[in-house]
Each structure stands twice: as C-alpha cells, then as structure tokens.
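> Sharing a model that was predicted from the sequence below.
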Amino acid sequence: MHNKLFKLFLPISVFTFSLFLLMNLGLIDLLRSSKLAFGLLISGFFTIGTIVFIMLSELKRFKYLNKRYEKILRFISNIEPTIDLKFFMDKVFDFALELTATRFGTICISTNDGNWEFISMKGYNKEFLKDIHFEEECFEHLKCENSEIKVIEDILQSSRIPKHIRKIIKSELKDTPKKSILGIFRHGKEVLGFITIDYMKEKVDFSSETLELLKLLLKISALFISAKKDYERRMIFQKEVIRSMIRIIELKDKYTKGHSERVANISVKIAKRLGLSAEDVDMVHWVGIIHDIGKVGIPDEILNKAMKLTKEEYEIVKKHPTLGEQVINQMSYLKDLAPIVRHHHEKWDGTGYPDGLKGKEIPLLSRILAVADAFDAMTSDRSYRKALSIEEALNEIKKNSGIQFDPEIVDAFLDVLSIYEEENLV
Ligand SMILES: [Fe+2]
C-alpha cells in the first residue's frame, strides 16, 4: 500500500520540485500570473501532504512492528522448560493468529511415542481433531520442505497432506480454507510439528514483515519443543533410575516391599482431598515413591534386624532422611523434592527428626507423607512385629493427631479412607 502510493506520487513530487527550481531561475514572474502557478501550488501542497501521509504511515507501521517484537521478547523472557507444552503452544497459536489476522488454524505436534496429534486449534471442531492421531509416516514429506514457511492455495487439495487425512478433515468442514500459511517447527533436521493458518477467502494480503515475525515465532517454538522433549526424556530417565533404586532398597529390606508405591497412592489421595494443585499432587506422588531412598546407605543387618533396634542402631536409621536428601539433590529434575524427603519424619509437636521442626514449619507435603507412611508401616509386617489391623492403626493415627500428625491432614486422611474403603485402598 505504501509502496504503491509512493510510486504514484513520486513523479508528481519530481515534477513539482523541477517547476519550483525553474521559478527560482527567473521564470517566477511568468508563472505567478499564469494558471500553471496555481496548479503548481496545489500539486505542491498535494505532494507535501503525501509525504506527511507516508511518513505517518511508516511511523504507524514501525510502532506496530515494535509492539510485535516487544511482545515476542516478553514471550521469550517468560519461557521455562517447566511450562506445560500445551499451554505454551496455545500461546504461540493465539499470537500467530493475532499476527496474521485470522480465526482459523491448527497446530499439530509429533509426540514422544512417534505419533502426531493436533494440540491447538481454532475455527474447527476441537473434539473431532483431538481424536485424530496420525502415524509418523503421515507427515514424512514435511522433512523435504525446503522452507520453514509456505503459502498454499487450497491446502486440502494439496498433496502435502496425506489423502486419507484430507478426506477425513473435508468431511467435517462446512467451509474449506482457500489460502493457508503452512509453518514447520523444525530443529536441525528434526521436524517437530507444524502450524496451519487458514483463510476462508482467496484475497488475503500478508506483509513480508508478518511472515518474518512468524518465522521467528516458529524458530522459538521449535527450540522450546525440542528442549521440552529433551527435558521430559531426561526426567523419565531419572525417574526410572529412582524407581530402580527403590526396588533395590525394597530387595534389601524385604518387609517394605511395595511400601513406597502404597505411601505414594495414599499421599496422592490425601493431597487431592485437600484440594492441592495438580503440580503438588504429582510432587507428593514422587516424594511418596522416593521418601525412603536414603535407606540405600543403611546396613542390611540393621534394616532386617528381627529384634528391636538398639539406641545406636536407631540413630543410624534416623540418618536416612538426610541421606535421601543428599541423593535427591544430585538429581537436577527432582531437586524440589529434597527438602520434603528430609522432613518426612518430623513430628507436629517438634519431637521428630532430623531438625525437630514444629507444626507448619514442616513442609505440607512432608506432613502428608508422615501420615501415609505411618499408616502403611503400621498395617504391614515388620521384622520385629506383626502388622496392626486397620482399626488399630486408625486409632493410633487419631490418638496422635495434633501430637505426631497435623490434625487437618489426619481429618483429610480419615475422609479419604472412608470414601475409598470399599475400593480396597488399604
Ligand atoms: Fe522414612
């Protein structure tokens, strides 16, 4: 638009400027009296107006781009590997649609198990697209695309989309896109997903700046998806290592077989009952699994001793929360769990170990763990005693509410137990 105006008015400006030059060269008197002078004056004003208009338009465009770049920068500065992938891609998607001024589009991502799924969409039937899972080879051709961005006419007729998928999508749509921007999330040679930005009308004008901004967004998103996948793969690996370590401990201490999983399950149910966030529920699950990992450093003969422990032996066993904290601190992805592991044997009245914390000084998840751990320990056989009945264990927990345990957590535990009793929680 600006270029067209510029091309139109440039000759007028040159013409006007030349005439003014002639006026200064002595033809001024002749021109002042003629109609040409009037014409010149008008065209002069017209030219100045045009230049001002172009300058204002350029300023407006500059401000618009500046705002967009600022938004992208703000977006980048808030990226962390812990952000949920779906949340991140929804943000990218909203941004891309705002940038391209349309209300139709999709984002499809390749998943860790080698499939593809639509995770963000607008203008299309969400439930329908969400249920479509494509196999890896469906989008093999994306690897051959030589550019990150392509503008495609009538994308559903294009061979870029596998025929059977085109058929499924077409059958659902009332109106099919006339023009689309196809953007690929690529990291190195790996294709991680794609975005389609669709227009239902043929005449659409994208500025080159819009496409450049979109490319930048694709690049940032690809880096994030790649880092996120890497993070998740490492986290899965570390969690598997931890699970294996726990199994080894449970082999060392034959009386605690399955204890960690049971503590994790009970803790999750208490956390849900307390209305904790999904993140906290996930944390308490993992801390339930790993809470006794420090027992790896306790001699087998103490762990499996058939008689009551001596004072010295008990002091050695009491080291397992701090040993556990040290192990967890080595695992970058589970570091947040280390203090919870450290304090899982603290008592509400301050008589626990290792730090003698009192009441709400003890981390909430440690307080949950304490109740779940005690209940499972009491209802399991130990080398030195037989398991208590559920009723006896419950009486012990109730008796120690406000002494050993946080009363609110005991109440939540009792609620959970009554709800799940019939489902064989215990
Ligand atoms: Fe423990």
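Nice, thanks for sending it over. Numbering: from 1, shown residues only.
> what about the residue positioned nearest the centre of the chain, distance to Leu129?
The chain has Asp84 as the residue nearest its centroid, 1.6 Å off, counting by Cα atoms, centre = their mean. Noted for Asp84: a distance of 19 Å to Leu129, by Cβ to Cβ, to the nearest Å. From N, CA and C alone the C-beta is placed, and that goes for glycine too.
> Tell me which residues of stretch 308-319 come out buried.
Across stretch 308-319, burial judged by 16 or more other Cβ atoms under 10 Å covers Glu313, Val317.
> ah, wrong one, I meant stretch 287-298
Quick answer for stretch 287-298 (16+ other Cβ under 10 Å): Val287, Gly288, Ile289, Ile290, His291, Asp292, Ile293, Gly294, Lys295, Ile298.
> Compute the first-to-last residue distance for it.
From its first residue to its last, stretch 287-298 covers 19 Å (Cα to Cα, to the nearest Å).
> so is Ile119 in a helix, a strand, or just coil?
strand (DSSP: H, G, I helix; E, B strand; the rest coil).
> Tell me, how many residues neighbour it?
Burial of Ile119 is recorded as 19 neighbouring residues (other Cβ atoms under 10 Å).
> what about it, distance to Leu85?
To Leu85, Ile119 is 7 Å away according to Cβ to Cβ.
> what residues are shared contacts of these two?
Common contact partners of Ile119 and Leu85 (Cβ atoms under 8 Å, 6 or more residues apart in numbering): Ile109.
> picking that back up, from the buried residues of stretch 287-298, which single one is nearest Asp355?
Nearest to Asp355, judged by Cβ to Cβ, of the buried residues of stretch 287-298 is Gly294 at 14.7 Å.
> The closest one reaches His320, doesn't it?
Yes. Counting by Cβ atoms under 8 Å, Gly294 does reach His320; the two are 3.6 Å apart.
> coming back round to it: so what does the residue nearest to the centre of the chain have for phi and psi?
With angles defined as degrees, to the nearest 10, Asp84 sits at phi -60, psi 140.
> Over to Met378?
The phi and psi values for Met378, taken as degrees, to the nearest 10, are phi -70, psi -30.
> number of nearby residues for Leu223?
Count around Leu223 with other Cβ under 10 Å applied: 15.
> does it count as helix, strand or coil?
Three-state assignment for Leu223 (three-state DSSP): helix.
> Wait, it touches His187, no?
Yes. Counting by Cβ under 8 Å, Leu223 touches His187, with 6.6 Å between them.
> which residues are in contact with stretch 170-186?
96, 100, 104, 109, 124-125, 128, 142, 145, 148-156, 160, 191-202, 204, 206, 211, 214-215, 218, 221-222, 225.
> could you redo the last one with a cut-off of 6 Å?
Contacts with stretch 170-186, where a contact means Cβ atoms under 6 Å, 6 or more residues apart in numbering, come from 125, 128, 142, 145, 148-153, 155-156, 192-202, 204, 218, 221-222, 225.
> ok, now stretch 198-212?
Outside stretch 198-212, the residues that touch it by Cβ under 6 Å, 6+ apart are Leu65, Leu99, Thr102, Phe104, Gly105, Ile149, Asp175, Pro177, Lys178, Lys179, Ser180.
> So among those residues, which ones count as buried?
Buried, going by 16+ other Cβ under 10 Å: Leu99, Thr102, Phe104, Gly105, Ile149, Pro177, Lys178, Lys179, Ser180, out of the contacts of stretch 198-212.
> Now, those that are in strands?
Judged by DSSP state E, the subset of the buried ones among the contacts of stretch 198-212 located in strands is Phe104, Gly105, Ile149, Lys179, Ser180.
> now the third one: how far from Tyr69?
For Ile149, the distance to Tyr69 (Cβ to Cβ) stands at 18 Å.
> what's the answer for the second one, then?
As defined by Cβ to Cβ, Gly105 lies at a distance of 22 Å from Tyr69.
> In this structure Asn329 contacts Ala338, no?
Yes. At 4.9 Å, Asn329 and Ala338 qualify as touching, with contact defined as Cβ atoms under 6 Å.
> Please identify which of the two sits among more neighbours.
More crowded of Asn329 and Ala338, by other Cβ under 10 Å: Ala338, with 18 against 15.
> hang on, the earlier thing: quick check: the farthest pair among the buried ones among the contacts of stretch 198-212?
Taking Cβ to Cβ, no two of the buried ones among the contacts of stretch 198-212 sit farther apart than Leu99 and Lys178, at 19.2 Å.
> quick one: low-confidence ranges for the stretch 151-300 of the chain?
Within the stretch 151-300 of the chain, the stretches with pLDDT under 70 are 160-161, 253-255.
> thinking in terms of the whole chain, how far from its middle is stretch 307-324?
With Cα atoms, centre = their mean, to the nearest Å as the basis, stretch 307-324 stands 41 Å off its chain's centre.
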